[in-house]
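Trainee: coordinates for the following, if possible.
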Amino acid sequence: MAGVDDDGGGDSGVLESLVVVGQEIQRSNPNAVAVDVLYAFTTAFFATLAVRGFWPAVIAALPLAVLLYFAWQSSRLFLLTNVTVIVVAVAATRAGYMPL
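Mentor: As a prediction, the model looks like this:
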């Protein structure tokens, strides 16, 4: 019985995630998409700044914290998108693909 409950909970979580994605797509008009892209670009900029050294990291810390807080308050999907943007931006900067 425990296995059935675990599978049911997993399916419920996936279904809930799909509903959230559907809601995000449903609200997407051209203006909302443009703002979301600009938001992700700004997050990526501060992430690349943060890996440049101590003082750039100090400068980027507060804006990154605020951007992630707003993303968290918006939706899980938007927070996941921003965290993914940070990881990709840091990896690309460390690899030398995104110089400032």
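Trainee: where in the chain is pLDDT low?
Mentor: Across the chain, the ranges flagged by pLDDT under 70 are 1-11, 21, 24-28, 99-100.
Trainee: centroid residue for it?
Mentor: In the chain, the residue lying closest to the centroid (CA atoms, centre = their mean) is N82, at 1.5 Å.
Trainee: quick one: residues contacting it.
Mentor: 39-40, 43, 67-68, 71 (CB atoms under 8 Å, 6 or more residues apart in numbering). Bear in mind the C-beta positions are built from the backbone N, C-alpha and C, glycine included.
Trainee: phi, psi of it?
Mentor: The phi and psi torsions at N82 (degrees, to the nearest 10) take the values phi -70, psi -40.
Trainee: N29 and F70, how far apart?
Mentor: From N29 across to F70, the span is 19 Å (CB to CB, to the nearest Å).
Trainee: can you check V85 too?
Mentor: From V85 to F70 the distance is 14 Å (CB to CB).
Trainee: over to Q23?
Mentor: 17 Å.
Trainee: what segments of this structure are helices?
Mentor: Taking DSSP state H, the helices of the chain run over residues 2-26, 30-50, 54-74, 76-95.
Trainee: export the contacts of N82 to CSV and tack on distance to M98 and neighbour count?
Mentor: As requested, the contacts of N82 are exported to CSV (distance: CB to CB, whole Å; neighbours: other CB atoms under 10 Å):
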residue, distance to M98, neighbour count
Y39, 18, 18
A40, 14, 20
T43, 13, 22
L67, 18, 20
L68, 20, 16
A71, 21, 22
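Trainee: list the contacts for the residue nearest to R76 when sequence neighbours are not counted?
Mentor: Once flanking residues are discounted, R76 sits nearest to V20: 6.2 Å by CB to CB, 6 or more residues apart in numbering. Contacts for V20 were tallied using CB under 8 Å, 6+ apart; they are 75-77.
Trainee: just give me the neighbour total for A60.
Mentor: 19 (other CB atoms under 10 Å).
Trainee: spit out the contact partners of it.
Mentor: Counted by CB under 8 Å, 6+ apart, A60 has contacts 46-47, 49-50.
Trainee: which one of the contacts of N82 is nearest E16?
Mentor: Nearest to E16 among the contacts of N82 is A71, at 18.3 Å by CB to CB.
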